[in-house]
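> All I have is the shape, not the residue letters:
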């Protein structure tokens, strides 16, 4: 009789532990899905912004005609952080079609020392090609005199989503 009771009690404990672990796993998956959907909605909203909007999409007061090489480098560099692995990253700007289009319009209106470099990067990005984002980052990083934070590889899609989520909490 004791043996049967211990067996039943043991089975109940095992089912409780497995059930509890399963429930925790389910909750974590639900939380991750909500976080991913939130990040995707945020990206979609930014990408749907009206590209004809003349306002600075970087949240700055600076007008398109007043952009300098330093501004272009800052914006491209901080957008590249979304795509690359680096030991150190300072600054983040979410990549959006509106931002890329606005910078391209600035290239058409203003004179920049490194215009060809900016145009090459932004044209590739406008076409959705981020395969050279490490090179793009490091090119701009060198122009800025970078010594720490050289890009070493591309983020995977899941790493990029995680990075965006982390940055959106700041």
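Great, that's in hand. Note that this is a predicted model, so its numbers are computed, not measured. Residues are numbered from 1 along each chain as shown.

> Point to the residue nearest the middle of the protein.
Closest to where the C-alpha atoms of the chain average out (Cα atoms, centre = their mean) is residue 82, at 3.4 Å.

> Report pLDDT for the closest residue to that one other than its chain neighbours.
Of all residues not flanking residue 82 in the chain, residue 95 sits nearest, at 5.4 Å (Cβ to Cβ, 6 or more residues apart in numbering). (Glycine included, C-beta is placed from N, CA and C.) Residue 95 is assigned a predicted lDDT (pLDDT) of 96.

> ok, residue 95 - contacts?
Residues near residue 95 by Cβ atoms under 8 Å, 6 or more residues apart in numbering: 79, 82-83, 125.

> domains of this protein?
Split into domains by automatic domain parsing, the chain comes to 1-48, 64-168.

> coming back round to it: was I right to think the residue nearest to the centre of the chain contacts residue 166?
No: assessed by Cβ atoms under 8 Å, residue 82 is found out of contact with residue 166, at 11.1 Å.

> Show me what secondary structure element comes after the helix or strand of the chain with the lowest mean pLDDT.
Across the helices and strands of the chain, the lowest-confidence element by mean pLDDT, DSSP states H and E is helix 2-47, at a mean of 56. Following helix 2-47 in sequence order, the next helix or strand is helix 69-80 (DSSP states H and E).

> which helices and strands sit right next to the helix or strand just after that following helix?
Note on helix 69-80: by DSSP H and E, the next helix or strand toward the C-terminus is strand 84-86. Secondary-structure packing of strand 84-86 (3 or more Cβ pairs under 8 Å, 6 or more residues apart in numbering; DSSP states H and E): helix 133-143, strand 151-154.
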